[in-house]
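Student: sequence first, predicted coordinates after that:
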Amino acid sequence: MEIGAVAAMRYVKDGIKAAKLVMDHTKHTLLVGEKATSFAISMGLAGPDNLSSPESIEKWTIWRQNHCQPNFWKNVVPAGSCGPFHPIDVSSGDSKASVKHLFEVTQQDICQGLSETNNLLEQMSSHPKFINRHNHDTISMAVIDKMGHVAVGTSTNGATFKIPGRVGDGPIPGSSAYGDDEVGACGATGDGDIMMRFLPCYQVVESMRRGMEPQDAAMDAILRIALKYPDFVGAVFAINKKGVHAGACNGWTFQYSVRNSSMQDVEVITVAP
């Protein structure tokens, strides 16, 4: 029952290390935003640093050139585009003006945030260490040591083109990760805005506590979400304290990797939806 998490932490690469510092050195569970960045740097982590990659910069540049807005509004048109958006079935002009103002303020806030970002980036090293699409995105990992202790953690870049301020399920206890020495662990990835409503990893671990095998526990957690949101995309893996593992997913074909002390290399497990 030890936990640490950070969210919306910019300019510091090592999110998991920052989360562990929160766990090891504070009585808090979750630190967020610029103060999470300040905490991480004050505890010795490298930063501020430029975490952009050439690919992400190119994607963002094209998005900005098209005058796009965050793509996570609902009850707007065009729903599948990048804006500008307009409300659906607005009964009065005042309501429409209010929604329009909301989008304008959001766009203004984005520009202000970019200005602040550029000012900070000018102070950074001129030799940033870039990452690419082959070695980033959501990573959830569970470990059982020789003493039987269980540890699990998740890190993620979050959703592309999100509304500023959004926090996904990565730092939410029981959603993207959960573990218990007496039972085992679970990790998750996918549509965090949907999955966090169900705390799927807490559900998996509690199902295993009640006697379910990892396969059944993983399937049960995914099915609970799919019954309410059939189109959601997500996956979980489950491992009990004996090392028995399984995965389940919805909306995509999911892979996870396993290695124990008797294996020479990792084994990649493919899970069909």
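Tutor: Cool, got the structure.

Student: and Thr29, what does it touch?
Tutor: Thr29 is in contact with Ile3, Gly4, Ala5, Val22, Pro173, counting by Cβ atoms under 8 Å, 6 or more residues apart in numbering. Any C-beta I mention is one placed from the backbone N, CA and C, and that applies to glycine too.

Student: rerun that using 7 Å as the cut-off
Tutor: The neighbourhood of Thr29, defined by Cβ atoms under 7 Å, 6 or more residues apart in numbering, consists of Ile3, Gly4, Ala5.

Student: and the nearest residue to the second one once chain neighbours are set aside, what element?
Tutor: Spelled out, that is Gly4. Leaving aside its sequence neighbours, Gly4 sits nearest to Met23 (Cβ to Cβ, 6 or more residues apart in numbering; 2.9 Å). Taking DSSP states H and E as the criterion, Met23 maps to helix 15-25.

Student: could you list the residues in contact with that helix?
Tutor: With contact meaning Cβ under 7 Å, 6+ apart, helix 15-25 is reached by 2-6, 9, 12, 28, 31, 36, 40, 43, 45, 153, 155.

Student: are any of the residues you listed buried, and which?
Tutor: Ile3, Gly4, Ala5, Val6, Met9, Val12, Leu31, Ala36, Ala40, Leu45, Gly153, Ser155 (16 or more other Cβ atoms under 10 Å).

Student: local confidence estimate at the first one?
Tutor: As predicted, Ile3 sits at a pLDDT of 96.

Student: ok so, going back, what about the residue nearest to Gly4, distance to Ala159?
Tutor: Between Met23 and Ala159 the distance, using Cβ to Cβ, to the nearest Å, works out to 25 Å.

Student: ok, Gly192 next?
Tutor: Gly192 sits 7 Å away from Ala159, taking Cβ to Cβ as the criterion.

Student: again, but for Asp14
Tutor: Counting by Cβ to Cβ, the gap from Asp14 to Ala159 is 21 Å.

Student: could you do Ile172 as well?
Tutor: Distance check for Ile172 against Ala159: by Cβ to Cβ, it reads 14 Å.

Student: what about these two, which has more around it?
Tutor: Ranked by neighbour count (other Cβ atoms under 10 Å), Ile172 and Ala159 place Ile172 first, with 21 against 15.

Student: what sits closest to that one if chain neighbours are left out?
Tutor: Ile172's closest residue in space is Met196 (Cβ to Cβ, 6+ apart), at 5.0 Å.

Student: got the contact list for the one you found?
Tutor: Contact partners of Met196, counting by Cβ under 7 Å, 6+ apart, are Asp169, Ile172, Ser175.

Student: backbone dihedrals for the last one, please?
Tutor: Ser175 has phi and psi values of phi -90, psi -70 when expressed as degrees, to the nearest 10.

Student: any idea whether the residue nearest to it when sequence neighbours are not counted is helix, strand or coil?
Tutor: Take Ser175 and drop its neighbours on the chain: the residue closest to it by Cβ to Cβ, 6+ apart is Asp169, 3.8 Å away. Using DSSP: H, G, I helix; E, B strand; the rest coil, the structure places Asp169 in coil.
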